[in-house]
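**Q** below: sequence and its predicted model.
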Amino acid sequence: MAYYDAKARKAKQMLTKRGQAAQVARSVTSGGGPSDPYGGTTTTTRYPVRLAVFPIEIDRIDGTNIKSGDYRLICATADIEIEVWDKIECSEGTLSIKDLGRFAPDGTTVFYDMVARG
């Protein structure tokens, strides 16, 4: 486990030095119900992260899951476990996560190698 902790620290160090500041936006809806036409109250919480953004490589495009114009995001671990329904707010705008790419060989997340779409 110490090996992967060291790798996580190295990834975070490199992204802190060379990556860009971004935010993970997590929206949670509370209240509401079947008889409530408004669906409750939605609250969005933002968590800071450091990441690197790249255009997706041409050989990874399959036209279905990964499309032209998608982005590859390398992200250090955050204060939260990033989920596929979260949004990433970065220099490319607000991106939806299509593939989380969680790298966790022993169950502990080392970093994320995500595919996201604007």
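**A** Perfect, thanks for sending it.

**Q** which helices and strands sit right next to the longest strand anywhere in the chain?
**A** Counting residues, the longest strand in the chain under DSSP state E turns out to be strand 41-55. Contacts defined by 3 or more Cβ pairs under 8 Å, 6 or more residues apart in numbering; DSSP states H and E place strand 41-55 against helix 2-18, strand 20-30, strand 71-76, strand 87-90. Quick note: C-beta positions are derived from backbone N, CA and C, even for glycine.

**Q** so what touches it?
**A** Contact with strand 41-55 is made by 12, 15-16, 18-32, 70-76, 78-80, 82, 88-92, as judged by Cβ atoms under 8 Å, 6 or more residues apart in numbering.

**Q** direction included, what does that strand pair against?
**A** strand 20-30 (antiparallel), strand 71-76 (antiparallel) (DSSP bridges).

**Q** which of these is buried the deepest?
**A** strand 71-76 (a mean of 22; mean count of other Cβ atoms under 10 Å).

**Q** and that one, what's its mean pLDDT?
**A** In this model, strand 71-76 has a mean pLDDT of 91.

**Q** who's sitting farthest from the centroid in the protein?
**A** If you look at how far each residue of the chain sits from its centre, by Cα atoms, centre = their mean, the farthest one is residue 35, at 33.7 Å.
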